[in-house]
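1. Just to be clear, the model below is a prediction. Sequence and coordinates:
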Amino acid sequence: QTGTDAKPDSIKANISRVDSDFIKANTKSSWDWPTVGLDYAETRFSKLNQINTDNVGKLGLVWSYNLESSRGIEATPLVVDGIMYQSAPWSVVHAIDARTGKKIWSFDPGVDRSKGYRGCCDAVSRGLALYKGKVFVAAYDGRLIALDAATGVRVWDKDTLIDHEHSYTITGAPRVFKGKVVIGQSGAEYGARGYITAYDSETGNQLWRWFTVPGDPSKPFEDASMAAAAKTWDPSGKYWINGGGGTPWDTITFDPDLNMVYVGTGNGGPWNRKLRSPSGGDNLYLASIVALNADTGKYIWHYQETPGDNWDYTSTQPMILADIEIDGVLRKVILHAPKNGFFFVIDRTNGKFISAKNFVDVNWATGYDANGRPIELPAARGEEPYESIPGPDGAHNWQPMSFNPQTGLVYIPAQHLPVNLTPEKSFKQNAAAPGKVGGILGANLGFAFNPSPKSTPFGRLLAWDPVHQKEVWRVEHVSPWNGGTLTTAGNLVFQGTADGRFVAYDAATGTRLWDISTGTGAVAAAATYMVDDKQYISIAVGWGGSYGLAHRATEYQNPGTIYTYALGGTAKLPEFVKYQTEALLQGVKYDPKDIREGADIYVTAACIACHGVPGVDRGGNIVNLGYVGTDVITNLRNIVFHGPFRDQGMPDFSGKLKEGDIAKLQAFIQGTVDAIRPKSR
Ligand SMILES: O=C(O)c1cc(C(=O)O)c2c(n1)C(=O)C(=O)c1cc(C(=O)O)[nH]c1-2
Ligand SMILES: [Ca+2]
């Protein structure tokens with residue numbers, strides 16, 4: 001709370017101006033960065049051009065700010081009048097003077113760190129919202145919290161969860177418009193039922209709620225859209241017991257022109273449709289874009305991108321609203337690149353399909369017909385093990401894309417990350433208490449993973465022409481899971497990379513113009529803004545998220561850090577911290593007969609989701625058990641059952657695993673390392 005020039009009174013006066021009109025007016029200048037996607041259309045296209053292709057090489061560091069977390073940093077900072085608001089893991093909020101990088105305040109909502117396991121993909125936060133003097137943060141434990149923007153003091157705090165039995169979390173950024181704060185939640189991997197809720201931004205009172213999938217059909221449906229959706233599910237599957245999924249865990253986009261909110265819905269729970277809805281069906285409104293009335297939350301239209309989802313093909317990826325000319329007609333469209341690998345152009349006035357084209361290799365469908373139905377390949381739903389391309393991390397995940405109207409191009413952080421999926425014949429998870437907390441991930445999905453795909457994963461920055469549905473240029477990355485993108489009127493594209501760099505490209509050609517180390521992998525997208533007539537660029541780096549838990553592409557493990565650059569900046573980088581030197585695990589005693597069963601436990605109990613394959617993966621922001629000290633694995637019983645690392649998010653597995661499982665896990669861990677050891681020499 002020291003050393004800042006910004007006074008609470010002046011912050012209060014300035015930030016209280018931020019409302020829907022302010023956000024709309026800012027699109028003319030892009031002076032500030034008031035919403036997570038910059039504007040309501042979420043273009044992440046800034047009109048600022050002080051920094052441009054001619055001078056971007058002169059960008060230098062102005063300040064850095066340590067976010068004091070080794071978990072994934074996914075939020076784009078908000079900046080208004082030189083005050084920056086950044087969310088960090090465990091939903092901690094920081095307010096910073098954007099000129100100097102000095103802290104003004106920070107707020108920790110006190111999320112119970114031992115509940116990290118309730119979410120699938122790291123205890124991340126994808127950002128904040130600002131409205132009339134308040135900062136809104138959605139906490140990992142399901143609360144929506146309003147803070148005084150000037151002081152960080154809590155104004156109200158609302159539990160958004162419909163129950164605490166199911167494994168719900170929140171990682172997404174709230175959106176605010178017309179005095180309403182809107183938020184979804186996460187949990188489709190654990191048997192949750194998705195919904196989105198609007199609250200009064202002043203009081204926190206609930207205004208409306210819309211569920212994404214139907215509930216128990218023996219009870220009254222919440223609205224007509226649920227009754228219609230129920231017809232697309234097999235009632236004998238008792239889908240509602242396991243929630244059905246559809247959790248809207250990231251994109252919610254407000255359209256001031258049409259007064260609609262577009263919700264991107266999540267995957268089915270369990271993933272395997274045969275177990276979720278045995279007779280098939282589209283299972284509305286999974287993996288869809290749904291338009292709701294912004295005032296009432298009433299359903300208006302939907303377009304389902306992946307009917308009858310079977311592969312974790314969420315449609316939660318960030319959307320961009322654009323008005324573009326197609327075949328000589330100006331169309332109001334949504335641009336969308338969901339996990340399933342197709343780039344969609346949808347008419348947002350009515351939800352009608354305009355076009356779809358795959359932007360990377362896919363093997364589940366050959367394309368879309370004129371009605372917007374995918375033309376599926378049968379092997380993708382077969383009984384045989386199947387190399388799913390894209391895999392569950394998607395051809396594009398939550399890392400935001402951007403759209404530059406000057407080049408007409410969308411900049412997509414795309415990737416190739418296949419996973420072998422083997423259908424599970426029975427739904428063995430939680431037979432006693434379906435879909436309840438502690439739901440064990442692997443068996444929850446109706447698939448077993450084979451973690452070593454035949455083809456090598458990679459990342460790719462794609463410049464995509466949405467009108468002609470074709471690639472214009474690409475940059476290949478050595479690793480998947482690169483950062484979101486920012487594009488500017490300076491004809492630039494900025495992207496952080498998995499291998500720890502922040503890079504500027506010529507937006508028209510993809511020529512690399514500037515490239516700087518970040519000391520850790522970068523997954524979030526950057527923001528740009530003006531303070532005192534000077535353009536700044538800020539990116540919050542910090543490796544993590546679903547792929548980042550168990551994998552990495554850099555030797556460096558710096559804590560989450562905000563870097564701010566401007567022309568001529570000369571600040572020094574913090575010292576980079578390396579991952580610890582790695583020796584493969586040795587000397588844990590085991591019976592080789594236990595390895596096979598140990599592998600099953602390791603996958604079903606979801607050890608694999610965070611720790612990866614022992615000795616094969618190298619560990620990301622969570623340690624790989626093939627590279628820990630012998631004493632750690634010898635002592636596994638204590639770690640698994642007594643929870644000494646609970647405050648770091650390692651669950652206590654008492655009541656979930658059995659005593660006898662420990663020796664099997666030890667056999668799998670040491671046995672796997674021993675099997676690969678010669679190759680690693
Ligand atoms: O179904 C869900 O509710 C849900 C939630 C989340 C999340 O909360 O982060 C992710 C996913 N699914 C998911 O499928 C996914 O690939 C993913 C990646 C990440 C991330 O932050 O890196 N989160 C999530
Ligand atoms: Ca999911």
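-> Good, I have the coordinates. Ligands and ions are numbered 1, 2, ... in the order given.

2. Off-centre distance for whichever strand or helix holds residue 669?
-> Per DSSP states H and E, residue 669 falls inside helix 661-680. Distance of helix 661-680 from its chain centroid, counting by C-alpha atoms, centre = their mean, to the nearest Å, is 32 Å.

3. And stretch 621-634, by the same measure?
-> Here stretch 621-634 is found 27 Å from its chain centre; the criterion is C-alpha atoms, centre = their mean.

4. With stretch 601-612 instead?
-> Taking C-alpha atoms, centre = their mean, one finds stretch 601-612 lying 20 Å from the centre of the chain it belongs to.

5. what's the answer for stretch 374-390, then?
-> With C-alpha atoms, centre = their mean, you get 24 Å for stretch 374-390.

6. Then stretch 620-638?
-> On C-alpha atoms, centre = their mean, the centre of stretch 620-638 falls 27 Å from that of its chain.

7. swap in stretch 184-197?
-> 14 Å.

8. Of all residues in this protein, which one is nearest the centre?
-> residue 398 (3.9 Å; C-alpha atoms, centre = their mean).

9. can I assume it is in contact with residue 250?
-> Yes - between residue 398 and residue 250 a contact is recorded at 4.9 Å, counting by C-beta atoms under 8 Å. All C-beta atoms are positioned from the backbone trio N, CA, C, and that covers glycine.

10. who touches both of the two?
-> 126, 316, 317, 318 (C-beta atoms under 8 Å, 6 or more residues apart in numbering).

11. part of a strand, is the third one?
-> No - using DSSP: H, G, I helix; E, B strand; the rest coil, the secondary structure at residue 317 is coil, not a strand.

12. what's it in contact with, if anything?
-> 250, 251, 264, 336, 337, 338, 339, 394, 396, 397, 398 are the contacts of residue 317 under C-beta under 8 Å, 6+ apart.

13. Would you mind naming what in the stretch 101-250 of the chain lies close to ligand 2?
-> residue 188 (C-beta under 5 Å from the ion).

14. For the stretch 101-250 of the chain, just list every one of the strands.
-> Using DSSP state E, counting those that start in this stretch, the strands of the stretch 101-250 of the chain run over 103-107, 129-131, 134-138, 143-148, 154-159, 175-177, 180-183, 195-200, 206-211, 244-245.

15. so what does the last one touch, helix or strand wise?
-> Strand 244-245 makes packing contacts with strand 268-269 when contacts are defined by 3 or more C-beta pairs under 8 Å, 6 or more residues apart in numbering; DSSP states H and E.

16. Columns secondary structure and distance to residue 494 on top of the contacts of residue 317, output as TSV?
-> Below are the contacts of residue 317 laid out as TSV (DSSP: H, G, I helix; E, B strand; the rest coil; distance: C-beta to C-beta, whole Å):
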residue	secondary structure	distance to residue 494
250	coil	21
251	coil	21
264	strand	24
336	strand	21
337	coil	18
338	coil	23
339	coil	23
394	coil	22
396	coil	17
397	coil	18
398	coil	17
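
17. Help me confirm that residue 602 comes into contact with residue 665.
-> Yes - Residue 602 is within contact range of residue 665, at 6.1 Å (criterion: C-beta under 8 Å).

18. Neighbour count for the two, which is higher?
-> residue 665 (25 against 22; other C-beta atoms under 10 Å).

19. if I look at that one, how far off is ligand 2?
-> Per C-beta to the ion, to the nearest Å, residue 665 is found 25 Å from ligand 2.

20. returning to that earlier point: which of the strands of the stretch 101-250 of the chain has the lowest mean pLDDT?
-> Here the strands of the stretch 101-250 of the chain differ in mean pLDDT, and the lowest is strand 244-245 at a mean of 94.

21. Contacts only, for residue 562.
-> Residue 562 touches 64, 65, 67, 77, 84, 86, 96, 101, 538, 539, 540, 541, counting by C-beta under 8 Å, 6+ apart.
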